[in-house]
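[1] Sequence first, then the predicted structure:
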Amino acid sequence: MKHLVKWALLAFMILLFSSCKKDEPAPVPVKADYLGTVTVTFRGEDVDTDKIEVNFTPSADGKTADILIKKIKFVPQMPVTLDITIPGVTLTAKNNGFELSGEGLVPLAMGGEFPQYTVSGLYGLVAGDKISFLLKFGDYPTKYTGTKL
Amino acid sequence: MFGFVLSVLTLLSLHGNVDTVSVITTPGVVTAVRQTVEIGRIASPATTIGIGEIAELHITTQKTLSAIVPSLHIPDYGTGMTSTIYMRGMGSRMENPVLGLYIDDIPIIDKNTYDIPMLGLSGMTLLRGPQGTVYGRNSMGGVLSLHTLSPSSFKGTKALIEWGTANTASATVSHYRGKDALTIGFHHTDGFFDNVFTGKKADPGNGVDLRWKREFGSGEWNLTNTAVASFSDEGGFAYGRFLDGELQRVNYDGKAGYTRLSVMDGLKAGKSFDKASLNLIGSVQLLADRMRMDQDYSPESIFSLEQSQRSAALTFEAILKPFHSDERWHSTTGLFFMGKFNHMDAPVNFFRDGIESLILENANKNIPESIGYIDFMMDTLPVSSVFGIWTGDLALYHESVLSLGRWDLTAGLRLDLEGGLMNYDCASDITYRFFPTMRSPKILPCTYRGDENHLGFEILPKLSAMYNGPSHGLKLYGTVSKGYKAGGFNTQIFSDIMQSVMMNALMDDLGVHFDEEFQSVGAGNTEYKPEEAWNFEAGIRISPAEWFRLEASLYNILIRNQQLTVFPPGKSIGRMMTNAGRSRSTGAEVETDLRKGGFHGMLSYGWNDARFTSFHDGNAEYSGNKVPYVPSQTLFAMAEYSFAIGGKALKEISLQASANGTGEIYWNEANTIKEPFHLLLGGMVSFSFPKATVFLRGDNLTGEKYRTFYFKSIGNEFFQSGKPRRITLGVSLNFPKR
């Protein structure tokens, strides 16, 4: 009887322990597309562009993500828009989401690295159906807020 | 001119008491089976040319009919593929013709086979004005019917051998025996225009042609089989650049020419029943050709086109002519079917100069230098375009002619259903690199595939009245008729579409986007509808004696859904055909023929005023302007006198002088550049022996400089010059079998 109680207690403790693990899952970043507004500060003035799509693609281990910003213009006079990927943005789980950060990231555009627009001071958050971040593309302070598509 | 005609008529009417003869009766000419009544009773102006006149006027191809038939202009340019026909102010450079062509009552479906030598003919008839009711598609300007010499009307051997300027030579032998007629012909020319770049002639040519006609009966059916085969290999596109007001010599580096093999076999079966005659006509028509073209016509290596076609067409027609108990009523009812498939492979090659000037310059001009630039890591960019095009036509028609006293009243109606399906498959692989960001070249496959179709219904009525005068073979007539030129698909514009597709794919791949996309025209815009013409015509025909005939007509043609080339919206550099406008063509024609003793004189004159009533090409408004490429006048005059010698060897000496005039012709829609009226003088002297005639012939004897074609390519202007003075020595042999 004693053995039986002992085994039952052990099984209960294992069950209790495993149920405690289920209550606190490690957050996993999810690939998602967002639509929102990008704001580029050009010569001291904020220039907003709506309906800018951003693709958020986490790495397999969930520690970093690539952020693709589609059809962005840095200055209003630019005759073209560019698709720019910021690779290797650091993800840190925080507040039911992920904090984004990065420094000295060389973006990818036009088939290769685009060092003129090296990213600095990247900070942001992905949580729920929202994404927001701010950074500097070279000399251009840039801000983005978007909602999941 | 019309006043002159009326004066002649008035004069003739005073003489009276001349037997009525059927107008334009030329020995050897057979009335086509589709016509309800004989040619002379048709209320349309008709030019009929017999076997003697074919030799006399040296009619060897359709192009040589220009101006001999009033208002007909078939400019001699490009290659044998270029069968551009203008008739009464109608016609277009590309796609479907305005003139229907028939050989022994068999409709020739593919325009690319129109320009083949006319061999072994007994005669031809050209009906002018829309003949849509009986002849259907592509007979908006008229119908040319060629009749080959029947083995039942001649037995023996005929031959014609010629040699002349630029080593232009031909040899044709026809043999008629039993139920068969066989003709074989060869032709060659060194060419008339030098290509400065290659140091060779631009337009040499060789060809061989075969005709076989067999007439045979099977029970009560009369059967006639006509087979026509033609092979030619030629240069061409002798286009010189027009720069600073001067026409420069032909000077381009790319390959140019045209090779064609065409085979047509048609069977006609006719039988008379108790109450009707029935004719069944079927044919198989095959074409394999290859056209090479340096599309920039310059010494630079910019771009070229090589187009190969493999097409097969089937036609079938049943024609019923009842024997009405009332002899005043004649009618024809017909059912027509045509099906055609054309496989076209039309790759465009952009060479280094073209890649840079037409593609990269266009793409890079919008990319800031601070960002970078695109380069193609290839010397040649091949862009393949493969098309499968099905065309089908089903028609039912009826025409009745009612004779009431001196009046012949005609009413007809055709219901025509025509459709088409085009499958397209365009592809190209671009090897490119964006500097400075890309470290190595990348291959980008680009494709554009799909299909388009169209279906259209045409109602083609005809009403006419003819008054048969009491004397002089006088006939007065009035006609209202409708014709149409078939619709189709713009395959030429796919090269432009693919350029846009490639640029957009490249930019998408790079992640660089312009505010406006390159592509503005897609396959959905490539269809064009049939062009329609309503003809209102009045004419007079008079033949007071066998030695004289005269015909004159006035017409006003309203053209709707006119197939015109326009600039597509957006950044496309090419032009495409679309139903962009309307026009009105008003004109007058006179044709007369006089034979008296040893004299033979011919005069043909056509005056035309064709103007756009509505046309905007995407860039500018052209309403009120003259329709380009159409001559406002055509003139042909010929006088020949034959001196009978009567010797045992030399029988006759003939002297002939002729003049062939065309113009003025506006070369563009803006009417800013034009060709003045020009006259080409010709002459011939011939010596006739019992079995042979030796002749010396001259064309363009004064060496008149004139131009036959104008166009623009990538902003540059080009002309083709007319052929220079030509002298030809020939002998025709005739060995009838007794």
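    Nice, thanks for sending it over.
[2] so where's chain A shaky on pLDDT?
    A:1-26 (pLDDT under 70).
[3] rerun that using 90 as the cut-off
    Residues of chain A meeting the criterion pLDDT under 90: A:1-29, A:41-50, A:62, A:72-82, A:94-96, A:109-117, A:128, A:137-140.
[4] Now it against chain B: closest residue?
    Relative to chain B, the nearest point of chain A is A:D83 (2.9 Å; CB to the nearest CB). Every residue, glycine included, has its C-beta placed from N, CA and C.
[5] Return the distance of the nearest residue to that residue once chain neighbours are set aside relative to B:S553.
    In space, and not counting its chain neighbours, A:D83 is closest to B:G511: 2.9 Å by CB to CB, 6 or more residues apart in numbering or on different chains. B:G511 is 66 Å from B:S553, where distance means CB to CB, to the nearest Å.
[6] likewise B:H73?
    17 Å.
[7] Please apply the same query to B:F216.
    According to CB to CB, B:F216 stands 40 Å off from B:S553.
[8] Those two: who's more crowded?
    A side-by-side neighbour count of B:F216 and B:S553, using other CB atoms under 10 Å in any protein chain shown, places B:S553 first with 27 against 12.
[9] quick check: mean pLDDT across stretch B:437-457?
    Stretch B:437-457 shows a mean pLDDT of 93.
[10] Can you mark which positions in it are buried?
    B:T437, B:M438, B:P441, B:L444, B:C446, B:Y448, B:E452, B:H454 (16 or more other CB atoms under 10 Å in any protein chain shown).
[11] restrict these to contacts with chain A.
    Among the buried residues of stretch B:437-457, proximity to chain A is found for B:T437, B:M438 (CB under 8 Å from any CB of the partner chain).
[12] Provide a list of residues in contact with the residue nearest to A:D83.
    Listed by CB atoms under 8 Å, 6 or more residues apart in numbering or on different chains, the contact partners of B:G511 are A:K70, A:L82, A:D83, A:I84, A:A109, A:M110.
[13] same question, A:V75
    Contacts for A:V75 (CB under 8 Å, 6+ apart) come out as A:V40, A:F42, A:V47, A:Y140.
[14] Which strand residues bridge the third one?
    Using DSSP bridges, the bridge partners assigned to A:V47 are A:V40.
[15] quick one: it and A:I72 touch, right?
    No: between A:V47 and A:I72 there is no contact under CB atoms under 8 Å: 10.9 Å.
[16] the more surrounded of these two?
    Shown here are A:V47 and A:I72; by other CB under 10 Å, A:I72 has more neighbours (24 against 15).
[17] What residues does that one make contact with?
    Going by CB under 8 Å, 6+ apart, A:I72 touches A:V38, A:V40, A:T49, A:I52, A:T81, A:L82, A:D83, A:I84, A:T142.
[18] I'd like the residues you listed laid out as JSON lines, including secondary structure.
    Listed next are the contacts of A:I72 as JSON lines, based on DSSP: H, G, I helix; E, B strand; the rest coil:
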{"residue": "A:V38", "secondary structure": "strand"}
{"residue": "A:V40", "secondary structure": "strand"}
{"residue": "A:T49", "secondary structure": "strand"}
{"residue": "A:I52", "secondary structure": "strand"}
{"residue": "A:T81", "secondary structure": "strand"}
{"residue": "A:L82", "secondary structure": "strand"}
{"residue": "A:D83", "secondary structure": "strand"}
{"residue": "A:I84", "secondary structure": "strand"}
{"residue": "A:T142", "secondary structure": "strand"}
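[19] distance between stretch B:303-314 and the chain's centre?
    On the basis of CA atoms, centre = their mean, to the nearest Å, stretch B:303-314 sits 18 Å off its chain's mean C-alpha point.
[20] Now that stretch: buried residues?
    Under the neighbour-count criterion of 16+ other CB under 10 Å, stretch B:303-314 has B:F303, B:S304, B:L305, B:E306, B:Q307, B:S308, B:Q309, B:S311, B:A312, B:A313 buried.
[21] Can you tell me how far the last one is from B:G420?
    This means B:A313. 13 Å.
[22] can you give me the helices for the chain?
    Using chain A. Along chain A, counting by DSSP state H, helices occupy A:2-23.
[23] My question was about chain B, not that one.
    Going by DSSP H, chain B shows helices at B:2-15, B:51-56, B:132-135, B:352-354, B:361-364, B:494-510.
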